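Novice: Quick one, structure for this:
(2 chains)
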Amino acid sequence: MAMYKYDSIDQTLVDQRVAQFRDQVARRLDGSLAEEEFRPLRLQNGLYHQRHAYMLRVAIPYGLFNSKQLRTLAHIANKYDRGYGHFTTRQNIQFNWLSLENTPEILADLAKVQMHAIQTSGNCIRNITSDPFAGVAGDEIVDPRVVCELLRQWSTLHPEFAYLPRKFKIAVCASKEDRAIVAAHDVGLYLYKNESGELRADVLVGGGMGRTPILGVVIKRDLPWQELPNYLSAVLRVYNRFGRRDNMYKARIKILVKALGPEEFARQVESEYEHWVDGNSTFTNAEWTRVAQFFTKPAYKNLNALSSKEILEQAASADQQAFTRWLDRNVKSHQVPGYASVVLSLKPHGTVAPGDVTTEQMLAIADLADQYSFGEIRATHEQNLVLADVEQSSLYSLWQSARQQSLALPNIGYLTDIIACPGGDFCSLANAKSIPIANDIQKRFDDLDYLHDLGDISLNISGCMNSCGHHHVGNIGILGVDKDGQEWYQVTLGGEQGLNAAIGKVIGPSFFAEDMPDVISKVIDVYVEKREPTEKFVDTVHRIGIAPFKERVYAEVKRA
Amino acid sequence: MPKLIRYPKQGQAQLVPNDWQVFRATEGEESAALTPGKVIVPFTWWTSHGAKEQYQGRALKGEISVWFAPEDDILAHRDVILAGLKLWPILAIDFPVFRDGRGYSTAALLRERFGWDGELRAIGDVLIDQLLPLSRVGFDSFAIRNDQSPDVALAQFNSVAYQFQNDWRAERSQKQASLK
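Specialist: Just a heads-up that it's a prediction; the model follows:
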């Protein structure tokens, strides 16, 4: 299995962290630690206090985990929660119905399978996200996972950056397509090899969603990988010292970068970095080797690539149509002949929150991973799961099993593959609910032929300005807002992730929840009428602008 | 006077007597407010009053140290601080609220960039659960808030045995492990 394995240092650190948190919880429960002072401590251990209960967000570093870990997550869902978990938009998983008293036990269970909840929340360096197809993607330039793991370690329990002005998110991309929304992060890294074959990084800074969506800009090019801790320390030190702390909505690094201007910010970073370059914090080749040994290729068989026809022939004739659809949407190309990557859809139409999985599904997915994909699973920021190394000759049998667990809906990349935060049903920050909106839209568009005709459209929903549902970069973005105690929804069009990342534009005043399926239908109608052959939704929006959409949507719905 | 923990770079954490008073001047306050004996004054107070004869005299007797506020940009006052380091017996950094992390970077800079190897004290809202990271970035002295239990506080410094970054006290644990 190609996964980092803890050594005794990693294990001891995580075990001691559990003991430390157990002691903090005990002091909270006996009253000697006030809630106000406990709050940042529990957040740095992924523990939120939500509307109904405590929520624990468990880290899945760069989205990579294994069947044993998933079985532990299933156990937690079953024993401490209500039989399900929720995959998040940052490749983590969270449990919504926990009690404070149980969390030390849960963290101890996680530690036994080399997992933790460290820094999945709080004003610190968060879990590092990356490409869910790392190591297998056909368009990969280099494998980002060694860098991701080195940075995971470097950022874990960092003493200087535990009380930053605000949260700090890092994403890493090392392929031709950007599947990690790198430009929408506080720091984004594009990895590549230079002409001499040395691993280098371009560093973007100041991206983010939230109230002030902005795309990051490159402030450093051609940084040797060994220098990453040095340069990132310089960035973080400048941010820690000068980022705003007077207003939490203006505290992200993007506001500082914007206020100083990227050039001045880069200059300040550079003058700090001078003191770090080539210093003691520089990653060593020995450190690379120790970590890289875990990310070797799994034991692939020597197989011939199958043609589409040969793959399809596996299926019984009654299944041909459905299986074809699934191959078309949910199966991705692989670097190795005879293999493919499979996306398990966690977006059934209208029945569950996007990204939710039940205990039973978790156990089934763990079995599928063992049977078909070297026991490994990846979480995507779109809130689906990937089995990355499936033999093409097993696709049909995998499809049949996945279908029994309602994990085989062929809607990846379609309008119904909705990204959504938990919203007002759970989250105490939310202004409005997200899940019912997602479900209503999924029900409205519950026709696979029509979805197929519409092609790639991303629809992202956030229940508040914190933008956990990434609505700014959805081709269609929906944002829940609160007006006089009522829940309203604002629509943006033209957002995009990937190398052409763009922030969507607001089309106008917001709508009631019950109008949302109609609003989306009208937006789609305009696209269908105006599109050129093979033109994607987002390209039509960019070509014709938002005016025609606006005209149609507001012609009949007059609100707010 | 707050309870004081000393945790030298090489050594054990222990409770020790505290003989320094913290002087929290407000704008316009003059010498009348400066208590006799050993006193830690705000850095900004020092920059406006420190040159006066009466304070130079006390400073030469080792009675005056300074504390830095979160917003003090110590790199911008490099020369004043370098001169002061020859006079001030200890340095302190104030945490008006424990969640304000600027003091961590100030401490790291005093150790790394100014070469300060004397006592560096955390004052203000200094709580049990921040002692470990504070000790790692360069603090070796902690005037814990009055309601904090010294016994629980002393137990913090050994609560996590390893570390993933170089800091003032030690190198990252995995660097050595990688050489095996």
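Novice: Give me the residues contacting stretch A:107-114.
Specialist: Stretch A:107-114 has contacts (CB atoms under 8 Å, 6 or more residues apart in numbering or on different chains) with A:5-6, A:10-11, A:14-15, A:17-18, A:21-22, A:45, A:58, A:68-69, A:72, A:75-76, A:116-117. The way it works is simple: take the backbone N, C-alpha and C, and place the C-beta from them, glycine included.
Novice: how about the CA coordinates for that stretch, as CSV?
Specialist: Provided in CSV are the C-alpha atoms of stretch A:107-114 (Å, rounded to 0.1, in the frame of the first residue of the first chain):
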residue,chain,number,x,y,z
LEU,A,107,-9.3,10.1,19.5
ALA,A,108,-7.6,7.1,21.2
ASP,A,109,-9.4,4.8,18.7
LEU,A,110,-8.2,6.9,15.8
ALA,A,111,-4.6,6.9,17.1
LYS,A,112,-4.6,3.1,17.0
VAL,A,113,-5.0,3.3,13.2
GLN,A,114,-2.6,6.3,12.8
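Novice: Filter the contacts of stretch A:107-114 down to the buried ones.
Specialist: A:10, A:14-15, A:17-18, A:21, A:45, A:58, A:68-69, A:72, A:75-76, A:116-117 (16 or more other CB atoms under 10 Å in any protein chain shown).
Novice: of these, list those near chain B.
Specialist: residue A:17 (CB under 8 Å from any CB of the partner chain).
Novice: How about the contacts made by the closest residue to residue B:168 other than its chain neighbours?
Specialist: Ranked by CB to CB, 6 or more residues apart in numbering or on different chains and with sequence neighbours excluded, the top spatial neighbour of residue B:168 is residue B:138, at 4.3 Å. Neighbour list for residue B:138: B:107-108, B:110-111, B:120, B:167-168 [criterion: CB under 8 Å, 6+ apart].
Novice: out of the residues you listed, which is most surrounded?
Specialist: residue B:107 (28 neighbours; other CB atoms under 10 Å in any protein chain shown).
Novice: Could you identify the helix or strand that succeeds the helix or strand harbouring it?
Specialist: Assigned by DSSP states H and E, residue B:107 falls within helix B:102-112. Scanning forward in sequence from helix B:102-112 by DSSP H and E, the next helix or strand is strand B:119-124.
Novice: Please identify the pairing partners of that next one and their relative orientation?
Specialist: strand B:90-95 (parallel), strand B:141-144 (parallel) (DSSP bridges).
Novice: Dump those into JSON lines; add distance to residue A:176 as well.
Specialist: Below are these laid out as JSON lines (distance: least, CB to CB, whole Å):
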{"stretch": "strand B:90-95", "distance to residue A:176": "47"}
{"stretch": "strand B:141-144", "distance to residue A:176": "51"}
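Novice: Save those as a markdown table, and put in mean pLDDT and mean neighbour count too.
Specialist: Output for the strands paired with strand B:119-124, formatted as a markdown table (pLDDT from 0 to 100; neighbours: other CB atoms under 10 Å in any protein chain shown):
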| stretch | mean pLDDT | mean neighbour count |
| --- | --- | --- |
| strand B:90-95 | 98 | 24 |
| strand B:141-144 | 98 | 24 |
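Novice: Of all the ones you listed, which one comes closest to residue B:2?
Specialist: Smallest distance to residue B:2 across those (CB to CB): 4.1 Å, for strand B:141-144.
Novice: residues in contact with the closest one?
Specialist: B:2-7, B:18, B:22, B:90, B:92, B:119-123, B:126-128, B:131, B:134-135, B:150, B:153.
Novice: any weak-confidence spans in the chain?
Specialist: In the absence of a named chain, chain A is used. A:1, A:556-560 (pLDDT under 70).
Novice: oops, I was thinking of chain B
Specialist: For chain B (pLDDT under 70), the answer is B:26-32.
Novice: which residue does it bring closest to chain A?
Specialist: Here chain B gets closest to chain A at one residue, residue B:101, 2.9 Å apart by CB to the nearest CB.
Novice: ok, the nearest residue to that residue once chain neighbours are set aside - how many residues close by?
Specialist: Among residues not flanking residue B:101 along the chain, residue A:163 sits closest, at 2.9 Å (CB to CB, 6+ apart). Residue crowding around residue A:163 was assessed by other CB under 10 Å; the count is 23.
Novice: mind checking which helix or strand residue A:163 is in?
Specialist: With DSSP H and E as criterion, residue A:163 is part of no helix or strand.
Novice: Pretty sure it sits against residue A:40.
Specialist: Yes: judged on CB atoms under 8 Å, residue A:163 makes contact with residue A:40 at a distance of 7.3 Å.
Novice: what residues are shared contacts of these two?
Specialist: In contact with both residue A:163 and residue A:40: A:123, B:98-99, using CB under 8 Å, 6+ apart.
Novice: I'd like the contacts of residue B:138 as CSV, with distance to residue A:496 appended.
Specialist: Output for the contacts of residue B:138, formatted as CSV (distance: CB to CB, whole Å):
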residue, distance to residue A:496
B:107, 43
B:108, 40
B:110, 46
B:111, 45
B:120, 49
B:167, 41
B:168, 45
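Novice: any idea which element residue A:94 lies in?
Specialist: Applying DSSP H and E as the criterion places residue A:94 in strand A:93-98.
Novice: Each with direction, which strands does that strand pair with?
Specialist: Paired neighbours of strand A:93-98 in the sheet (DSSP bridges): strand A:54-58 (antiparallel), strand A:84-87 (antiparallel).
Novice: before we move on, the earlier item: against residue A:97, how distant is the residue nearest to residue B:101?
Specialist: For residue A:163, the distance to residue A:97 (CB to CB, to the nearest Å) stands at 29 Å.
Novice: for residue A:24, same thing?
Specialist: Between residue A:24 and residue A:97 the computed distance is 21 Å (CB to CB).
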